[in-house]
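**Q** build the 3D model from these lines:
(2 chains)
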Amino acid sequence: MKAFLILEDGTVFAGRGIGADRDVISEIVFNTSMTGYIEVLSDPSYAGQAVVMTYPLIGNYGVTPDLESARPWVDGFLVRELCKTPSNFRSSGNLQDFLEKNGIPGIEGIDTRALVKILREKGTQNGMITRNENYNLDIIIPKLKEYTTGNVVEKVTRKEKTTLPGKGKRVALFDFGAKGNIAKSLQARGCAVTIYPADTTAEEILSDAPDGILLSNGPGDPKECTGVIRELKKLYDSDVPIFAICLGHQLMALATGADTYKMKYGHRGGNHPVRDLSTGRVTISSQNHGYVVDTERLDPSVAVPAFENVNDGTNEGLSYIGKKIFTVQFHPEACPGPQDSGYLFDRFFEMMD
Amino acid sequence: MSRNHDIKKVLVIGSGPIVIGQAAEFDYAGTQACRSLKEEGVEVCLVNSNPATIMTDKKIADQVYIEPLTVPVLEQIILKEKPDSVLPTLGGQAGLNLGMELSESGFLEKNGVKLIGTTADTIFRAEDRQAFKDTMEKIGEPVAASTVVRNVQDGIRFTNTIGYPVVLRPAYTLGGSGGGIAHDEQELREILENGLRLSRVGEVLVERCIAGWKEIEYEVMRDAAGNCITVCNMENLDPVGVHTGDSIVVAPSQTLSDKEYQMLRTSALNIISELNITGGCNVQYALKPDSFEYCVIEVNPRVSRSSALASKATGYPIAKVAAKIALGYTLDEIKNAITEKTMASFEPMLDYVVVKIPRLPFDKFITANRTLTTQMKATGEVMSICTNFEGALMKAIRSLEQHVESLLDSDFYKLSLEDLIEELKNPTDQRIWAVAEALRRRMSIDEIHDYTQIDRWFLDKIRHLVMAEYRLRSEEELSVELLKELKRMEFPDHVIASLSGWTPAEVKKFRKDHNILANFKMVDTCAAEFAAATPYYYSCYDSVENEAAGVGDSETADSDVLETGNAGGNRKKKILVLGSGPIRIGQGIEFDFCSVHATWAFRQAGFETIIINNNPETVSTDFDIADKLYFEPLTPEDVENIVDIEHPDGAVVQFGGQTAIKLTESLMKMGIEILGTAAEDVDAAEDRELFDRILEETKIPRASGGTVYTADEAKKIANELGYPVLVRPSYVLGGQGMQIALSDEEIEEFMAVINRYAQDHPILVDKYLQGKELEVDAVCDGTDILIPGIMEHIERTGVHSGDSISVYPAPTISDQVKETIAEYSRRLAKALHVKGLINIQFIAMDDEVYVIEVNPRSSRTVPYISKVTGIPIVDLACEVILGKKIKDLGFEPGLQPPADYFAIKMPVFSFEKIRGAEISLGPEMKSTGECLGIAETFNEALYKAFLGAGVVLPKHKQMIITVKDADKAEAAETAKRFEALGYKIYSTRSTAKFLNEHGVHALKVNHIHQESPTIMDLLLGHKIDLVINTPTHGRDKTRDGFLIRRTAIETGVNVLTSMDTADALARSLETASDLLHVIDIAKVDRRGNG
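**A** Take a look at the predicted model:
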């Protein structure tokens, strides 16, 4: 069955429909990971976005129990070739059925490299996935231009406060769309983790007297999260140690007077080198972000850059002056991607001691 | 961390002669590293015994020593050149071992020389079995449980603790002979007893059997600051049990989820960190297919065959980066040469699939056992890139140049089901064709998996190809949709044609009419995330965009002046250089040397150069050799796809061996001008009738003979000429299929072998002349000829020139013969209108000179003769091709004066690796590589040549001589010389009798079938240095001679099968000396005055 990807610049890619049979308009972003499509699909940070995988063969190992949240969040999935007969000892089925069951439309058989080059040159674009051969660009393109991801955090955050037992430190995980492995990484270190929905007030969290607070990753434009930013200012003022990842890092920066901006096409993949500015060491990181903290507008008396991206020099983390707070743009919880920066959870632990 | 400025002069150790398991990949790595060091202003001193390499070129290093790779030689070079550092990690296992020995003996420290790139401690902990095991245990990395046993009881006891099955590997038996897998105690007893007997040190390693697990490799890099990255991971289609060098390998891994991928990646980083490696490293894993359990199989703390593959698969230049790390740089200080934007501290992301298929030598060794085991047998490999696995596999298959272009070409359809199942259980080089046949017979994927242990994912992909064949056969009309799908999977037009009943031309037209065309994509290390600057391309059909430049400037040049390289306006003229494909016996690294030099020469002359090749091990497929690199199969259709977008102004075929020559006709049909010698003149040299006419015109004698197609015709001619006769196919390289026949029966046998494949060209039958064999490589400009020198073979005619010891300058021929050779060469080159290179082989009997064959193209000896005479004949040939005259290039035409030293090229064989291979020398080439001995005296050069080839004698001073009757008189003379050297000589009955009658004290030893102790026991006693055995005729594998030769080879004993070689060895031993004089050949000037 034919399916089309229509970009806001008018480019149309024709391929075969996969997954659910429905039209969707979304922001089209690309991910360069060669493995980890299950983690990508279920990463809440992709809410409001449709993902193109640059690796051409997707679905080879089927559906493995590696979901990073309760369900897949991507709006759409674009691949060169979807594997129909996967092979892996943990596979419970093929990706086609999984996408269909979860209502995610997609396309296979398109020149994903050509698509990625458009996104690279022109920047991230909105697009539509449709199986309607009689699409009308004059109607669709204005709609595409209108689309924004909106405040997607409220869509992906957990609705109820949840506690995961543990005998060690008590960590508050502020959930803006947290990947499952963040809580798992904390639990693996013996923590009792309490997960708070994104609309929780600072007072409520602080009243539980956590040993530390972890601000999670999440989707969308950080500036949409005005409520959360307000609460984070209060958490900043408390002296509870804070570690933040991705969106959490951006929100803390905004809460303390810094600014963020949208990157041309973001960082999404598992091969980005980040330099730890305190040691000079470079590690390969897992990344998924389209916005970044503007270091030009950083008040050095509040926070200084702690990590930078070796490729493009953009900010990858901040260290807060006079506070037990450090935040990173990349993903120490990996899943998918390299596990090299898992040591940052240990650093968070040292802060809590 | 930054550049260590104390490093000013580095000795780089090469890997020596090409043998199975250590091939061109080290020339690639070494060349890249030397260039990388030089661009940092470091003075590079290079040592490698292999004259065919590019690294031993004075363009690459400041000082070049083509000397035997032994500790005393290296010590002398170090004392003479006084480098401050030695870099041993680029020369394979050979280089690493030498670095280790130099360090352990204290020599380096004493002379203030540092080992860079690695430390002795790192090498020890990675290479020593016990130290490695301890290190892995320390960091919690699992290795397969194993122990070394010296008796059967210990073996049983240990196996009882780890459980059956176990793998048994006898220590120090080359070729893995005597090893095997034991499933129960009885098997264990049998294999262990035999293995202990075969092992020279009486030791067998007993190891938990992990055969059938997935084999996964990671290429890792680390700098001195401790930053690490993985360049690439790779998955073997073949499970553990087949050597990774013989496996079909795919990059990146296909069947691993991110959890498995990251688990092994983290493990690899832990290992490289714990071993404190600075540079590149390869880690091999066995991963259990049904759990997360894994074992570390092996770690190579250096660049390797896999790192060459990973470099080409990703575009990440591992050797270059490793060299920079050795100088002290950190990964984040080194630029990514492909993107020129990002740094080396990142991990390449692929947006395509890479497939490597090894090239196995069973076409040369037709008696050999084709089973693939843990002993590598491949001589080379091909790589292909595509957007899908099926396409990459199909491209790789046709890149092999083995007369097979799809999964259809095999004889397996004739097999009974039982036999087919045996084929599946017992992997050979033809396993994927066996799988395809099983699928055609509707065997289920699960059943095939049970027999082969190949992951179902790969089997399913092969099924797609088989289903496509089926659809093509059954559909009435070839639809656009089906054709698109077939081309996506890289079915060649003529395969589609043969299955659909169309003609290839019709398929092509239909395809073009419907715009089903190959597009080219870039290998950019980053999956298009960043714009890349390097034009390294592959083709695919499922693409809407062509990234290869040349689309815009496709109009052909308006001027036909080629010399300037300027096509008018600002556009450079384009020259297409066709590479030589996979390394195989008969077509080796020499042709890559020629292709690369030609590319450089044309580039220098102002042309845009385009290389097409498919061999990941070579320098020519490094992305910065030509202006553009197309990593593609070398078939007419694939080349035409490139021609269609590049519209080159000309193509050169004379440097890429037979692979390139074979494409001449197709290129001409595409309207591409062949630069240099015209195609019809190439034909004239190969076509018997045309060539005879030329010889008649030029009044040059040759052995009489004729051309035939059938055995009957051959026998008729042979009987007219009188036996012995030489039988060979035309248009082949390396004497493929060439044999000396003594009788009608042998003609029958040899013709049957040759006609296994349909021959496009007739078979030649010539009178066999026994005399001195001589050879020249020359450059001709159409008028004048430049002959750098004459090479003389030590072995008489009958031994292939590539397997002969070759001496420059020719030591034993008269001036008259030299003049005749020069004159004949001139006449032939002129008559064939040669523009460029020509290679001619002669026989001299008394003072009469005959022509054996003429090849108007580059040859195996071109790098050797260029280096030892200092005359860069490839560069000169390129100038001539572009219209210059030899006289304009500063050379007096004709035979150049000889050098005042001797340079001897010694063939090197890999017989121990290929079980069942017949090792006796004959007209068909069998050597895999070569080394050089260069010295002021003939004897020292000869000694160095044997030393370089690994013939290190004496050890026990005992030898076996058993020769055929015709050789007995000569054998007696040779035996006397060995006796005078202190050798005790053993012979079987008739040879012993003859030797004793002629004054040699030979001890008689029983034949194999007589009572013990026999000649076999003598060999297995591991006290024999050397066997001289000249074979009686016939290919019967059960003959005693064959068994003796094989047993000797497999237990590490030198075997000589030609009396001439034996005589040369005696001579070299008579003059052996520890004091060798090393010669820097970079100082040899082009007139060769030392």
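**Q** so which bits of the lengthiest helix in chain B are buried?
**A** Selection of the longest helix in chain B by residue count, based on DSSP state H, yields helix B:456-474. Across helix B:456-474, burial judged by 16 or more other Cβ atoms under 10 Å in any protein chain shown covers B:456-466, B:468-469, B:472. Placement of C-beta: from N, CA and C, glycine included.
**Q** contacts for whatever helix or strand comes next after it?
**A** Next along the chain after helix B:456-474, taking DSSP states H and E as the criterion, comes helix B:480-488. With Cβ atoms under 8 Å, 6 or more residues apart in numbering or on different chains as the test, helix B:480-488 has contacts from B:387-388, B:390-391, B:468, B:471-472, B:475, B:496, B:507, B:510-511, B:514, B:516, B:518, B:540-542.
**Q** one more time with 10 Å
**A** Residues outside helix B:480-488 that contact it (Cβ atoms under 10 Å, 6 or more residues apart in numbering or on different chains): A:81, A:109, B:386-388, B:390-391, B:394, B:464-465, B:468-469, B:471-472, B:475, B:478-479, B:491-493, B:495-496, B:499-500, B:507, B:510-511, B:513-518, B:540-543.
**Q** give me the buried subset of those residues.
**A** Among those, those classed as buried by 16+ other Cβ under 10 Å are A:81, A:109, B:386-388, B:390-391, B:394, B:464-465, B:468-469, B:472, B:478, B:491-493, B:495-496, B:499-500, B:507, B:510-511, B:516, B:518, B:540-543.
**Q** which positions in the stretch 201-350 of chain A make contact with chain B?
**A** A:265, A:267-275, A:279-284, A:286, A:309-312, A:334-340, A:342 (Cβ under 10 Å from any Cβ of the partner chain).
**Q** what about the strands in the stretch 201-350 of chain A?
**A** Taking DSSP state E, counting those that start in this stretch as the test, the strands found in the stretch 201-350 of chain A are A:212-215, A:242-245, A:259-276, A:282-294, A:303-309, A:315-320, A:325-328.
**Q** closest one to B:His761 among these?
**A** Nearest of the strands of the stretch 201-350 of chain A to B:His761, taken as Cβ to Cβ: strand A:259-276 at 51.1 Å.
**Q** the closest one pairs with which strands?
**A** The strands beside strand A:259-276 in its sheet (DSSP bridges) come out as strand A:282-294 (antiparallel), strand A:303-309 (antiparallel).
**Q** pick the most deeply packed of these.
**A** strand A:282-294 (a mean of 24; mean count of other Cβ atoms under 10 Å in any protein chain shown).
**Q** the inter-axis angle of it versus strand A:315-320?
**A** For strand A:282-294 against strand A:315-320, the angle by axes from the mean of the first three to the mean of the last three Cα atoms, to 10 degrees is 80 degrees.
**Q** what mean pLDDT does strand A:282-294 get?
**A** Strand A:282-294 carries an average pLDDT of 97.
**Q** stretch B:442-449 now?
**A** 98.
**Q** now that stretch, how far from the centre of its chain.
**A** Counting by Cα atoms, centre = their mean, to the nearest Å, stretch B:442-449 is centred 35 Å from the centre of its parent chain.
**Q** send me it as CSV with only the CA atoms.
**A** The C-alpha trace of stretch B:442-449 is given here as CSV (Å, rounded to 0.1, in the frame of the first residue of the first chain):
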residue,chain,number,x,y,z
ARG,B,442,11.6,-25.9,0.3
MET,B,443,13.7,-26.9,3.3
SER,B,444,12.5,-24.8,6.2
ILE,B,445,14.6,-22.0,7.7
ASP,B,446,14.5,-23.8,11.1
GLU,B,447,15.9,-27.0,9.6
ILE,B,448,18.6,-25.2,7.7
HIS,B,449,19.5,-23.3,10.9
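**Q** list the buried residues for it?
**A** For stretch B:442-449, by 16+ other Cβ under 10 Å, it's B:443, B:445, B:448-449.
**Q** also near chain A: which of the residues you listed, exactly?
**A** Answer for those near chain A (Cβ under 10 Å from any Cβ): B:445, B:449.
**Q** can you convert the buried residues of stretch B:442-449 into a markdown table and add a column each for secondary structure?
**A** Putting these into a markdown table (DSSP: H, G, I helix; E, B strand; the rest coil) gives the following:
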| residue | secondary structure |
| --- | --- |
| B:Met443 | coil |
| B:Ile445 | helix |
| B:Ile448 | helix |
| B:His449 | helix |
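**Q** can you give the domain ranges for the chain?
**A** Going with chain A. Taking automatic domain parsing as the reference, chain A has its domains at A:2-146, A:153-352.
**Q** wait, I meant chain B there
**A** Structural domains assigned to chain B are B:9-126, B:145-208, B:361-518, B:549-672, B:711-760, B:952-1070, following automatic domain parsing.
**Q** could you pull out the strands in the stretch 51-200 of chain B for me?
**A** B:63-65, B:85-87, B:114-115, B:146-149, B:166-170, B:180-182.
**Q** redo these as a markdown table? Include distance to chain A.
**A** Formatted as a markdown table, those follow (distance: least, Cβ to the nearest Cβ, whole Å):
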| stretch | distance to chain A |
| --- | --- |
| strand B:63-65 | 36 |
| strand B:85-87 | 24 |
| strand B:114-115 | 24 |
| strand B:146-149 | 26 |
| strand B:166-170 | 24 |
| strand B:180-182 | 24 |
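**Q** A:Arg297 and A:Leu247, how far apart?
**A** 18 Å (Cβ to Cβ, to the nearest Å).
**Q** okay, now the unreliable bits of the stretch 51-200 of chain B?
**A** Applying pLDDT under 70 to the stretch 51-200 of chain B picks out residues B:172-177, B:200.
**Q** how about the helices in it?
**A** B:71-81, B:92-104, B:107-110, B:120-127, B:129-138, B:152-162, B:185-198 (DSSP state H, counting those that start in this stretch).
**Q** out of those, deepest packed?
**A** Comparing the helices of the stretch 51-200 of chain B by mean count of other Cβ under 10 Å gives helix B:92-104 as most buried, with a mean of 21.
**Q** pLDDT weak spots in chain B?
**A** B:1, B:172-177, B:200, B:549-570, B:731-737, B:757-759, B:1033-1038, B:1085-1090.
**Q** nearest spatial neighbour of the residue nearest the centre of it, skipping sequence neighbours?
**A** Compute the mean C-alpha point of chain B, and by Cα atoms, centre = their mean the closest residue is B:Ile583, 3.7 Å away. Distances taken as Cβ to Cβ, 6 or more residues apart in numbering or on different chains put B:Gly380 closest to B:Ile583, at 3.0 Å, once the chain neighbours are dropped.
**Q** now swap in A:Gly93 and tell me
**A** Closest residue to A:Gly93 apart from its sequence neighbours, by Cβ to Cβ, 6+ apart: A:Val63 at 5.0 Å.
**Q** what about that neighbour, how many neighbours?
**A** A:Val63 has 24 neighbours, counted by other Cβ atoms under 10 Å in any protein chain shown.
**Q** and the gap between it and B:Ala810?
**A** From A:Val63 to B:Ala810 the distance is 71 Å (Cβ to Cβ).
**Q** repeat for B:Ile585
**A** Taking Cβ to Cβ, one finds B:Ile585 at 26 Å from B:Ala810.
**Q** touching, A:Gly48 and A:Ile28? I think so.
**A** No. Between A:Gly48 and A:Ile28 there is no contact under Cβ atoms under 10 Å: 11.2 Å.
**Q** neighbour-wise, which of these two wins?
**A** Using other Cβ under 10 Å as the criterion, A:Gly48 and A:Ile28 rank with A:Ile28 on top: 27 against 23.
**Q** give me the element the more buried one is part of.
**A** Per DSSP H and E: strand A:24-31 holds A:Ile28.
**Q** that strand pairs with which strands?
**A** Sheet pairing here is set by DSSP bridges, and for strand A:24-31 it gives strand A:49-53 (parallel), strand A:125-130 (antiparallel).
**Q** check contacts around A:Lys122.
**A** Taking Cβ under 10 Å, 6+ apart as the test, what A:Lys122 contacts is A:7-9, A:11, A:264-265.
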